[in-house]
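Undergrad: Structure of the sequence below:
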Amino acid sequence: MGTLLLNGTFLFLLSWAGQNNVAKYTSADSVVTVQVEPKQENKPVIILEAFQILDSDGGSAEAILSMDKEGKCYVGKEFIGTITAAGELKSDTGKLLVHLKGNELLSNDGKVVLVIKEDGTISNGSGKDITWGSDGILKNMELSLKIAPVNSKAKRAASLLLYSFFGSTETEVQK
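TA: Coordinates of the predicted model:
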């Protein structure tokens, strides 16, 4: 009974400490091996915060693309899909279109289509990254677009939405 209590206490302490190693405890009548996984922070892949992508040349006062705080995305006023905090873009019918795994944007069949960094920088393998400037304007792209609010924390979501709308998931990033 004392050995069983000691084993249980030892396992509890290992799991509580969040160590990532294999621990062995041997007693006269048993051997216990425990693999303890590190605690995962529930840090979102995508920050869900309302934003709009506008024409930076002032040709239109209306948003070209937008996302609300629940991740619902629109072209103009038409609902087109949802971005989740887990980094998934789903169509208006709920079909998975693309998703982020680390910094890689993967098509629904698992092909890497490009890289979107946490700050929203887009790398497509061409050597010319597309970035959001401090003024909110998208740099190194033919389109004249800007994000509002300029200090949005959802630039990664904006890049995902932007690429999904204007880009193609038929291409693969060249590494």
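Undergrad: got a list of what residue 118 touches?
TA: 103, 156 (C-beta atoms under 8 Å, 6 or more residues apart in numbering). To be clear about C-beta, it is placed using only N, CA and C from the backbone, and glycine gets the same treatment.
Undergrad: Compute the distance between residue 124 and residue 104, please.
TA: Distance, residue 124 to residue 104, by C-beta to C-beta, to the nearest Å: 12 Å.
Undergrad: meant to ask about residue 83, not that
TA: In terms of C-beta to C-beta, residue 83 sits 16 Å off from residue 104.
Undergrad: The two: which has the busier surroundings?
TA: Counted by other C-beta atoms under 10 Å, residue 83 and residue 104 do not tie: residue 83 has more neighbours, with 28 against 16.
Undergrad: State the pLDDT value of that one.
TA: pLDDT, residue 83: 96.
Undergrad: That one - nearest residue in space that isn't next to it in sequence?
TA: residue 71 (4.4 Å; C-beta to C-beta, 6 or more residues apart in numbering).
Undergrad: Next: residue 85.
TA: That would be residue 44: by C-beta to C-beta, 6+ apart, it lies 3.8 Å from residue 85.
Undergrad: what's the neighbour count on that neighbour?
TA: Per other C-beta under 10 Å, the neighbour tally for residue 44 reads 13.
Undergrad: swap in residue 60?
TA: 10.
Undergrad: Correct me if wrong: it contacts residue 54.
TA: Yes - with contacts counted by C-beta atoms under 8 Å, residue 60 reaches residue 54, the gap being 7.4 Å.
Undergrad: how about the strands in this structure?
TA: Remark: strands assigned in the chain by DSSP state E are 22-26, 31-35, 51-55, 65-67, 72-75, 78-83, 88-91, 96-101, 104-107, 112-116, 122-123, 131-132, 138-139, 145-148.
Undergrad: Please work out how many residues are found near residue 100.
TA: 21.
Undergrad: For it, name its beta-bridge partners.
TA: Beta-bridge pairing of residue 100 under DSSP bridges involves residue 105.
Undergrad: Pull the contacting residues for it.
TA: Applying C-beta under 8 Å, 6+ apart to residue 100 gives the contacts 45-46, 87-88, 106, 116, 156, 160.
Undergrad: and which of those is nearest residue 134?
TA: Proximity of these to residue 134 (C-beta to C-beta) peaks at residue 156, which lies at 16.3 Å.
Undergrad: Name the nearest residue to the closest one, ignoring sequence neighbours.
TA: Excluding the flanking residues, the one nearest residue 156 by C-beta to C-beta, 6+ apart is residue 120, at 4.9 Å.
Undergrad: Look up how far residue 79 lies from that neighbour.
TA: To residue 79, residue 120 is 22 Å away according to C-beta to C-beta.
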